[in-house]
Every structure is written in C-alpha cells, then in structure tokens.
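Undergrad: here is my input; please provide its structure:
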Amino acid sequence: MDDVESDIDNIPTNRHIILVGDSYVQGIGGDGTTIESVLESLCNWDVRSFYQGGCGYIRANDSDKKMIDVVNAAVAATTDKNLITDVVLAASVYNDTGMSGTASFTEAAFITALQNINS
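TA: Numbering: from 1, shown residues only. Okay, the predicted model is just below:
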C-alpha cells in the first residue's frame with residue numbers, strides 16, 4: 001500500500017491533456033464516470049476530451065465519423081497547442097469487429113495528425 005500512496009504522491013502536476021477516443025472516452029454504458037472526470041479529480045489535470053461513440057478506425061459510426069475525424073476535430077479545436085503536455089488515444093478496435101479492408105488513414109498520417117495537436 002505504501003508504494004501506491006507514494007505513486008499517487010508523485011503524480012506529475014500541471015498536465016494539460018487532449019483525450020481522444022470512442023464511447024470509452026464518452027462514458028457510454030457505465031455509471032456516468034468518464035476518463036476525463038477521473039483524471040481531473042484524482043490527478044488535478046486539465047483534460048479536454050474529443051470522442052465519437054461507435055466510431056472505428058475503418059468503420060464509421062452512425063454520424064459517418066471515423067477515429068481520424070475525431071483526431072482532426074481535436075487538432076482544429078486546440079488553439080493553444082503549446083499548452084498541451086500529453087495526447088492520449090483511448091479507443092478500442094471493437095467498433096471495427098468483422099471489418100476487412102484498409103483503415104482510412106495510414107499509421108504515419110495518424111501520428112502526424114496527433115502531433116499536430118502539439119505543434
């Protein structure tokens with residue numbers, strides 16, 4: 001238990017995080033607790049979430065959004081990019097279950113889009 005308390009005491013402060021994801025970030029299906037609210041309350045971090053429930057890397061959701069669209073929305077909405085300390089992608093591949101084909105973006109394009117948040 002001492003290790004856990006020590007780890008909690010050593011959580012970095014002054015973090016400004018962009019959190020990108022699907023329904024896991026949105027908080028669907030749970031008790032209303034979101035990743036954003038947990039990070040803000042436990043770590044005292046500033047977190048901005050961007051999400052689209054049901055979107056995948058290949059499959060679009062009912063709003064015709066894919067994960068790259070969520071990343072691009074985060075890039076567009078982040079005006080003070082120098083303030084961002086971390087970018088977290090919290091999404092599963094469950095939304096692409098049963099899909100075959102190629103994702104709508106290359107790995108390099110996805111990484112570039114994420115880096116654009118912090119440039």
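Undergrad: give me the element D69 is part of.
TA: helix 67-77 (DSSP states H and E).
Undergrad: actually V20, not the one I typed
TA: V20 belongs to strand 16-21, assigned by DSSP H and E.
Undergrad: got the angle for that strand vs helix 67-77?
TA: Angle, strand 16-21 to helix 67-77, by axes from the mean of the first three to the mean of the last three CA atoms, to 10 degrees: 150 degrees.
Undergrad: I'd say M67 and G53 touch.
TA: No: if you go by CB atoms under 8 Å, M67 and G53 don't touch, sitting 11.7 Å apart. Using the backbone N, CA and C atoms, a C-beta is placed for each residue, glycine as well.
Undergrad: which stretch of helix or strand covers V87?
TA: Assigned by DSSP H and E, V87 belongs to strand 86-90.
Undergrad: buried stuff in that strand?
TA: Buried positions in strand 86-90, judged by neighbour count with 16 or more other CB atoms under 10 Å: V87, V88, L89.
Undergrad: in contact with the second one, which residues?
TA: So the one you mean is V88. I17, I18, L19, V20 (CB atoms under 8 Å, 6 or more residues apart in numbering).
Undergrad: quick one: which of the residues you listed is the most crowded by neighbours?
TA: V20 (25 neighbours; other CB atoms under 10 Å).
Undergrad: could I get the pLDDT score of that one?
TA: Looking at V20, its pLDDT is 89.
Undergrad: ok, so what distance separates it from A77?
TA: 11 Å (CB to CB, to the nearest Å).
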